[in-house]
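# compute the structure for the input listed below.
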Amino acid sequence: MWQALTKTYPNQAQQLLALLKEAEAVVVGIGAGMSAADGFTYIGPRFQEAFPDFIEKYGFLDMLQASLFDFPSWSEYWAFQSRFVCLNYLDQPVGPSYLALKDLLKDKDYHIITTNADNAFWVADYDPNKVFHIQGEYGLMQCSRHCHAQTYRDDALIRHLAQHQVQGQVAYEDIPLCPKCGAPLEINKRNAEKGMVEDGDFMAQLGRYKDFLASHEGDKVLYLEIGVGFTTPQFIKQPFHQAVMANPNALLVTLNQKQYRMPRAIQDRTVWLSQDSKDLLLACAAAANQA
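Numbering: from 1, shown residues only. So this is what the prediction gives:
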């Protein structure tokens with residue numbers, strides 16, 4: 001029994017602090033909602049100001065739709081993606097929610113799994129051994145044919161492609177190519193049809209995550225879900241449900257303004273915190289520092 005569940009609290013920040021304090025380990029699942037709460041949205045002015053030409057040409061509604069679009073040429077693909085990577089990885093500023101969460105976790109035994117592919121954890125200086133990017137990272141490239149399990153990073157090339165474009169296209173000779181087979185490179189991001197290149201670093205991340213889960217089987221584990229929707233429930237939401245069902249000592253806390261239906265078996269061990277996640281994490285960190 002979680003003692004924190006038997007008490008009432010003046011606000012959700014105090015409730016979350018009590019639950020974190022009682023937990024022996026914390027598994028954090030982070031989705032797009034957390035970055036969006038920090039202003040890194042894929043809609044509205046942020047999208048419209050960065051891609052007016054592509055919006056006019058293709059009628060894109062948001063940045064996610066555009067990033068998944070099957071462009072007719074690699075010149076157009078890299079014109080869009082290079083700007084996208086600069087905006088959402090190379091130049092994305094630190095998010096206050098990520099700093100607050102890091103502060104809350106500093107004295108806890110924790111591990112993070114995220115479906116986000118932006119730079120949020122690195123710019124906030126998280127321990128890379130405690131973060132698992134299950135959907136890839138925008139700053140990495142992979143062979144479009146998936147001919148071998150290796151990713152590549154070339155920030156200077158990405159910036160060059162973003163800055164040297166003519167009518168929404170990069171020069172043909174600037175398109176990055178696979179050093180093994182000569183096919184164009186693409187962004188290291190999981191595709192529903194083709195999957196994703198999972199290199200040695202990815203497998204190391206996966207191994208560390210699995211080891212953490214295994215080391216806390218049966219412990220009082222807090223599964224903390226922040227901004228996770230149902231776009232890809234197979235990566236965070238469903239595994240968290242299954243983990244809580246398998247461990248009677250575990251608890252699921254979900255930070256989301258939407259209330260999703262929970263499996264009946266864990267409804268009594270689920271806490272829904274509906275406050276804006278950024279406001280809640282900042283308030284929680286402030287309260288923790290005052291204690």
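# pLDDT below threshold where in the protein?
Residue ranges of the chain with pLDDT under 70: 291.
# tell me who's in contact with the residue nearest the centre of it.
Per CA atoms, centre = their mean, the C-alpha nearest to the average position across the chain is that of Asn116, at 2.1 Å. Counting by CB atoms under 8 Å, 6 or more residues apart in numbering, Asn116 makes contact with 30-32, 34-35, 133, 135. To be clear about C-beta, it is placed using only N, CA and C from the backbone, and glycine gets the same treatment.
# those residues in helices, which ones?
Counted as lying in helices by DSSP state H, out of the contacts of Asn116, are 32, 34-35.
# SS state for Leu87?
Using DSSP: H, G, I helix; E, B strand; the rest coil, the structure places Leu87 in helix.
# residue ranges of the helices in the stretch 1-150 of the chain, please?
Taking DSSP state H, counting those that start in this stretch as the test, the helices found in the stretch 1-150 of the chain are 12-22, 32-37, 45-50, 52-58, 63-67, 74-85, 96-105, 120-123.
# and the last one, what does it pack onto?
So that's helix 120-123. Helices and strands touching helix 120-123, by 3 or more CB pairs under 8 Å, 6 or more residues apart in numbering; DSSP states H and E, are helix 96-105.
# which residues are contacting the helix it packs on?
17, 20, 26, 28, 34, 37-38, 120-121, 123-126, 226, 277-278, 281-282, 284-285, 288-289.
# now with 7 Å?
Contacts with helix 96-105, where a contact means CB atoms under 7 Å, 6 or more residues apart in numbering, come from 20, 26, 34, 37-38, 120-121, 124, 126, 277-278, 281-282, 284-285, 288.
# and the gap between Tyr9 and Pro239?
28 Å (CB to CB, to the nearest Å).
# what element comes up after the top helix by length along the chain heading to the C-terminus?
Ordering each helix of the chain by length in residues (DSSP H) puts helix 200-215 first. Using DSSP states H and E, the next helix or strand after helix 200-215 towards the C-terminus is strand 221-226.
# can you list the neighbours in contact with that next one?
Against strand 221-226 from outside (CB under 7 Å, 6+ apart): 19-20, 23-30, 34, 236-237, 240, 243-244, 247, 250-255, 277.
# from the contact counts, what lies against the helix or strand that that strand is followed by?
Per DSSP H and E, the first helix or strand lying C-terminal to strand 221-226 is helix 237-246. If contacts are counted by 3 or more CB pairs under 7 Å, 6 or more residues apart in numbering; DSSP states H and E, helix 237-246 sits against strand 221-226.
# kindly list the longest strand within the chain.
In the chain, assigned by DSSP state E, the strand with the most residues is strand 136-143.
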